[in-house]
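Engineer: What follows is a predicted protein model with its sequence.
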Amino acid sequence: IVELKEVVRLAPNDFRPHYLLAIMYSDFEQHTDAIQQATDALTKGATENVRKDLLLVTARSQIALLQFDEALEKLEQVPACGEEALLRARCLIAKGDATTVPSLIERAKQELGETPELALLECDFLEQENHPEEAATRLDATLQKFSTNAELLYRSSLLHKQLGHNDLAAQRLADWEVYRDLSTELTLLNLKAIQAPFDAEVRDRLAEICTKLNKPELATMWREAANACREKSRQQGKSTTDSSNKAE
C-alpha cells in the first residue's frame, strides 16, 4: 500500500495503482477506502477488462456498508455474471424484495458453483421465507465441503439451536470458536508480516494456520516465503562474515 501510494504521487493520472489499492482495501474490509480507490480508478480511465472488477468491488463494499440502493445502481453497469447475480440477490434480500431472488441464486450457482458465500445467501433467503429447516439442511450440506468456514459454522449453530437441536448446535459453536480464533490470528499475522517483511517465524505460523483452515495454496505460499526469508538471512550472515574476514 505504501509503495502504491507513491506510484499514485508519481503518476497521478494512472488508474492502475488505484485498481490494486481498491482490491487490497476490499480484502482487508476497509470498505470506504476501497470505494474511493475504485472510484478514482474508474475516473482515471480504467480499461474495459478491469472496469467490471472495479464495479463489483465497489458494489461489494457498498453492501458491507448497507448502501444497498447504491450497490444496485453499480450492478446495473456490470455485465451479467455469477458474482453480479449473487450481489444483486443480497441487496434484494436486504431490501425485502425477494421476487427475483430464486432465479438470481440459480444463476449464481450455475456460474460460481458451491461456495460458502452462496450458501449463506441462500440461507438468508430461506430464513426470510420462514423455512429454517431447509436453511439448516443447506448449511449442513455445504459444511461437508467447507468444514472450517467459521461463518457457516456460526450460522449453522444458530439455526440448529432455533430448531431445538441443542447438542449439534453446541458442537457447531465450539467448532466455530476454534476456526474464528484461527481466522482472527491469520488476519493479525498478515498485518505483522507486512511490518516484518523478513520474519520467517511469522510466515511459518501463517502456513500452519492456513493448513488448519484448509487453504493449501496459501499455506504453500507462506512456507515458500518463510524459506526465502531464512535464505536471505543466511546470505546476509555470510556477507557479514566475509566482510569481517576481509577487514581483519
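Structural biologist: On my side now, so go ahead. Keep in mind that this is a model prediction, so the values were computed, not measured.

Engineer: Residue 84: what's it in contact with?
Structural biologist: Residue 84 makes contact with 56, 75, 78 under the criterion Cβ atoms under 8 Å, 6 or more residues apart in numbering. C-beta coordinates here come from the backbone N, C-alpha and C atoms, glycine included.

Engineer: check which helix or strand covers it.
Structural biologist: helix 82-94 (DSSP states H and E).

Engineer: Lowest-confidence entry in the contacts of residue 84?
Structural biologist: Within the set of the contacts of residue 84, pLDDT is lowest for residue 78 (93).

Engineer: and that residue, how many neighbours?
Structural biologist: 20 (other Cβ atoms under 10 Å).

Engineer: Hmm, residue 53 and it touching each other?
Structural biologist: No - Residue 78 is beyond contact range of residue 53, at 9.6 Å (criterion: Cβ atoms under 8 Å).

Engineer: hmm, back to that, from the contacts of residue 84, which land in helices?
Structural biologist: Among the contacts of residue 84, DSSP state H puts 56, 75 in helices.

Engineer: if we can go back for a sec, buried set for the helix holding residue 84?
Structural biologist: Across helix 82-94, burial judged by 16 or more other Cβ atoms under 10 Å covers 82, 83, 84, 85, 86, 87, 88, 89, 90, 91, 92, 93.

Engineer: Stretch 44-52 too?
Structural biologist: 44, 46, 50, 51, 52.

Engineer: Next, format the residues you listed as JSON lines and append secondary structure, distance to residue 30 and pLDDT.
Structural biologist: Shown next, in JSON lines, are these (DSSP: H, G, I helix; E, B strand; the rest coil; distance: Cβ to Cβ, whole Å; pLDDT from 0 to 100):
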{"residue": "44", "secondary structure": "coil", "distance to residue 30": "20", "pLDDT": "94"}
{"residue": "46", "secondary structure": "coil", "distance to residue 30": "20", "pLDDT": "91"}
{"residue": "50", "secondary structure": "helix", "distance to residue 30": "20", "pLDDT": "93"}
{"residue": "51", "secondary structure": "helix", "distance to residue 30": "21", "pLDDT": "94"}
{"residue": "52", "secondary structure": "helix", "distance to residue 30": "21", "pLDDT": "94"}
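
Engineer: Brilliant, that's me finished.
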